[in-house]
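Q: Provided below for reference: sequence and predicted model.
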Amino acid sequence: MEVVAYRGLITTLDSFIERLQGRGEITTQDILDNASIAYFTAKNLDYKSAEIHKALMGIGKGEITLIKKEDLTKFKAVIKPNPETNFLNHALLSNISAQNAFIALKSSGVHFVYDGGHTKAKASEVW
């Protein structure tokens, strides 16, 4: 399956929008514009799997939400690879309202804390 990973805490819509604004990844109409994500294929959304941890290497530490690509693209979101970084699976998410992205991530995503891949996968914590 195709998987998207978003790094950042998903608590409230306002804090989600504020984070995107701080990173310059949202338009003034609250549409995501080249928001930084990871995009890769995996057998499932098991955040403890070595497959997921390998795919996330380079994303950084913090709260991660994994979601099936189709849960975002049903809102006409556009995902395009971004090979211009050192992070192999880096991609950009655009053309989806912040509200729809937030709802999809909050309701359909698998949320956990990622340690940057420095310890074994089982060290991650679900939040």
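A: Sure thing, it's come through.
Q: below-threshold pLDDT in the protein: ranges please.
A: 118-127 (pLDDT under 70).
Q: run the last query once more with 80
A: 83-86, 117-127 (pLDDT under 80).
Q: the strands in it, which residues?
A: Assigned by DSSP state E, the strands in the chain fall at 2-7, 35-41, 62-68, 78-81, 90-94, 110-114, 125-126.
Q: any chance of CSV for the ones you listed, columns mean neighbour count and distance to residue 48?
A: Using the backbone N, CA and C atoms, a C-beta is placed for each residue, glycine as well. Output for those, formatted as CSV (neighbours: other CB atoms under 10 Å; distance: least, CB to CB, whole Å):
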stretch, mean neighbour count, distance to residue 48
strand 2-7, 21, 14
strand 35-41, 20, 16
strand 62-68, 20, 11
strand 78-81, 14, 24
strand 90-94, 19, 23
strand 110-114, 18, 8
strand 125-126, 10, 9
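Q: tabulate those strands (a markdown table), appending distance to residue 25.
A: Converted to a markdown table, the strands of the chain look like this (distance: least, CB to CB, whole Å):
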| stretch | distance to residue 25 |
| --- | --- |
| strand 2-7 | 11 |
| strand 35-41 | 4 |
| strand 62-68 | 15 |
| strand 78-81 | 13 |
| strand 90-94 | 8 |
| strand 110-114 | 20 |
| strand 125-126 | 26 |
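Q: residue 47 is nearest to which of those strands?
A: strand 110-114 (4.5 Å; CB to CB).
Q: packing partners for the closest one?
A: Other elements packing on strand 110-114 under the criterion 3 or more CB pairs under 8 Å, 6 or more residues apart in numbering; DSSP states H and E are strand 62-68, strand 125-126.
Q: name the helices or strands packed onto the longest one?
A: The elements that strand 62-68 packs onto, with contact taken as 3+ CB pairs under 8 Å, 6+ apart, are strand 2-7, helix 98-108, strand 110-114.
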